[in-house]
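Q: got a structure for you, letters missing:
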């Protein structure tokens, strides 16, 4: 639930008894797309704000935390990633981070709602600066079907950059989808799934992700927490899974000597994210 009262945009998490607010200067855009209500606001301190169906998606100020953690840990864990598919990610920030890696040969953004991308190009152009990269490819349609139709053993990394597991995104958190992803992955392939708040969802959504990924044949699964001020509790996560290779080892020297700029991610942050809080150890470690 969300509301705009006296110049403040507020997202209320009714079932958790909490809320998050940003002071708004003005509304820049509003439309009902084929799939969802899309709003863009200019805030006083967090840059532009994108809202989908009343839920905060991103702001100009803090999106780098999410986009960097959804991409670089997995890319530096994979031994030699060449082809990456982003399912969702319509704001293009995840695609931009993927294409910072010079060895990537082909990247796809598979997004159901083209209007999210078009409005990102207008109101978040910094996130779309790699859209004209010759390695970038776009498909606007059903990501579940796209993965199902993918050639077996054809993808190195699948990043599921989805909204919450409701509505159009619900099927992206399903066992059958993970099985299709596993079949599409090459040897050494990795899946990354945005996995909500460890504080709110560790024993529900995140636990189900771990269970379903392992049922799908992804034997190695780890959840990486990171800060995200505009999302519920301010603490978010992504979950990585691999068919063959343990995820606690990564190309640390390559990460330390990365030939591009990051604002949050580095080799120390990577190692720190792998250090699980005790309550997550208790839930997820066998």
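A: Perfect, I can see it now. Small disclaimer: the values here were computed from a predicted structure and weren't measured.

Q: can we go C-alpha only for contacts and neighbour counts from here?
A: Will do.

Q: okay, now residue 133: neighbour count?
A: Residue 133: 12 surrounding residues under other CA atoms under 10 Å.

Q: that one belongs to a helix?
A: No - Residue 133: not assigned to a helix; according to DSSP: H, G, I helix; E, B strand; the rest coil it is coil.

Q: how close does it get to residue 261?
A: According to CA to CA, to the nearest Å, residue 133 and residue 261 sit 17 Å apart.

Q: could you measure from the residue nearest to residue 121 when sequence neighbours are not counted over to residue 97?
A: Spatially, and ignoring its direct neighbours in sequence, residue 121 is nearest to residue 128 (5.8 Å; CA to CA, 6 or more residues apart in numbering). The spacing between residue 128 and residue 97, counted by CA to CA, is 10 Å.

Q: one more: residue 209?
A: Counting by CA to CA, the gap between residue 209 and residue 97 amounts to 24 Å.

Q: and what of residue 217?
A: In this structure, residue 217 and residue 97 are 28 Å apart, going by CA to CA.

Q: looking at the two, which is more packed in?
A: Set residue 217 next to residue 97 and count neighbours by other CA under 10 Å: residue 97 wins out with 22 against 16.

Q: what pLDDT is listed against that one?
A: Note for residue 97: predicted pLDDT of 98.

Q: residues contacting it?
A: Counting by CA atoms under 8 Å, 6 or more residues apart in numbering, residue 97 touches 67-68, 71-72.

Q: just these: which are in helices?
A: With DSSP state H as the criterion, helices contain 67-68, 71-72 from among these.

Q: can you flag the buried ones in these?
A: Buried members of those, counted by 16 or more other CA atoms under 10 Å: 67-68, 71-72.

Q: and these, which is closest to residue 143?
A: When these are ranked by distance to residue 143 (CA to CA), residue 71 comes first, at 18.2 Å.

Q: can you pull out the strands in the stretch 101-250 of the chain?
A: Here the stretch 101-250 of the chain has its strands, by DSSP state E, counting those that start in this stretch, at 106-111, 136-140, 155-161, 185-194, 220-227, 235-242.

Q: worst-scoring helix or strand of the chain, pLDDT-wise?
A: The least trusted helix or strand in the chain, going by mean pLDDT, DSSP states H and E, turns out to be strand 2-5, with a mean of 67.
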